[in-house]
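Asks: using only what follows, build the 3D model:
(one chain, ligands or ions: 1)
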Amino acid sequence: MTSSLFSMSADEPSRQLGFAGNRLDRLSENRAEDALETALAAPDARLLVSRGGRVVLKVNGEGFEPWFGVAESAAAGARLEHAVLLGWDRGTPVLAAPGGIEPDDLPDGLKAIDHRSVYVQGLLDEPTLGALAQGASLLAWNASHRFCGRCGAKTVMRIGGYKRVCTGCEAQLFPRTDPVAIMLAVREEKCLLGRSPHFPPGMYSCLAGFIEPGETIEDAVRRETFEESGIRIGRVAYHASQPWPFPHSLMIGCFGEALTEEIDADREELEDCRWFSRQEVIGIIAGTHPDGILMPPPGAIASHLVRAWAQQR
Ligand SMILES: [Zn+2]
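Replies: As a prediction, this is how the structure comes out:
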């Protein structure tokens, strides 16, 4: 009985996605009010420095090194008073701090690279990419919640960045994660992919959209697919999720069983939307599609959904 509940999870799909490799021990139940100060005082503490969606990396002969010691982080412009505590790696505190230096003004040997390029080009290992996603999302949330939405007074950071407290009315604010449904609609031997006008030439991907308040994941999959493509979806199956730090989303990947075939695409959102046969998709994955059609990078959940379907027996 129990085994049927978990029949799909022998090799957890989420584990194979970019930004999903975070291995830090968050110890969330142990975060003290002064967790940040304690962590920064540890001699072996290390941190990432990020500013405006770009992480500061040390450039060396072999590649890029993202980790700084606390004292060393001054060269990268780390603003330690606004740092957040990500967790611990075998007892070592791991943090992320906002940078205070414009990319062009960084000293020699340091370079700021945008998070998307770091991910697409595979510049960092998976556990570091996971920590980067956590830090980027937490820093972005703290930076955008410096004032209380209830009374307008300043807020101050607590417990390492996982809470802000209003200095006027004592309201407590907690970090948010925005759920996005991303889905592959499938029908018999074909699947539905769309092309947004801002995609690179030739790229097609899954449809996606924010889950709205009061909506289930399944209903969001059905609504978004219908709004963007005119296709009606019946059953929905969850497949995998991916932290997506632009700025603090969680992509929830699903398969949707298409009940209709006639596409009526939303031309505001999509430049094109069409059905692809399984054979065509196998060609796209192999990079041999006659029209040069491409998919998002392999670590992207959209790519993962399409591959999982195409390889299914
Ligand atoms: Zn307030």
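
Asks: show me the contacts for Ala208.
Replies: By CB atoms under 8 Å, 6 or more residues apart in numbering, the residues touching Ala208 are Val180, Ala181, Ile182, Met183, Glu224, Met251, Ala302. For the C-beta atoms, the positions are set from N, CA and C on the backbone; glycine is no exception.

Asks: in the helix or strand harbouring the second one, what's buried?
Replies: Just to be clear, that refers to Ala181. Using DSSP states H and E, the element containing Ala181 is strand 178-187. By 16 or more other CB atoms under 10 Å, the buried positions in strand 178-187 come out as Val180, Ala181, Ile182, Met183, Leu184, Ala185, Val186, Arg187.

Asks: could I get the pLDDT score of the residue in the stretch 201-313 of the chain positioned nearest to the ion?
Replies: Of the stretch 201-313 of the chain, the residue with the smallest distance to the ion, taken as CB to the ion, is His248 at 21.6 Å. pLDDT, the model's per-residue confidence, is 96 for His248.

Asks: my guess is it meets Ala140, correct?
Replies: Yes: His248 is within contact range of Ala140, at 5.9 Å (criterion: CB atoms under 8 Å).

Asks: for the stretch 1-150 of the chain, what lies in contact range of the ion?
Replies: Proximity of the stretch 1-150 of the chain to the ion is confined to Cys148, Arg150 under the rule CB under 5 Å from the ion.

Asks: the residue in the stretch 1-150 of the chain that the ion sits nearest to - nearest residue in space that isn't next to it in sequence?
Replies: Minimum separation of the stretch 1-150 of the chain from the ion (CB to the ion) falls at Cys148, amounting to 3.0 Å. Leaving aside its chain neighbours, Cys148 sits nearest to Cys166 (3.8 Å; criterion: CB to CB, 6 or more residues apart in numbering).

Asks: partner residues bridging the one you found?
Replies: Thr155 (DSSP bridges).

Asks: ok, now which ones touch the residue nearest to the spatial centre of the chain?
Replies: Closest to where the C-alpha atoms of the chain average out (CA atoms, centre = their mean) is Trp244, at 1.1 Å. Contact analysis of Trp244 by CB under 8 Å, 6+ apart lists Phe19, Ala133, Val180, Leu250, Met251.

Asks: report pLDDT for it.
Replies: At Trp244, the predicted lDDT confidence score is 96.

Asks: going along the chain, name the helices of this protein.
Replies: Taking DSSP state H, the helices of the chain run over residues 2-5, 35-41, 115-120, 126-143, 217-229, 278-286, 301-310.

Asks: the residue of the stretch 201-313 of the chain closest to the ion: neighbour count?
Replies: By the criterion of other CB atoms under 10 Å, His248 has 20 neighbours.
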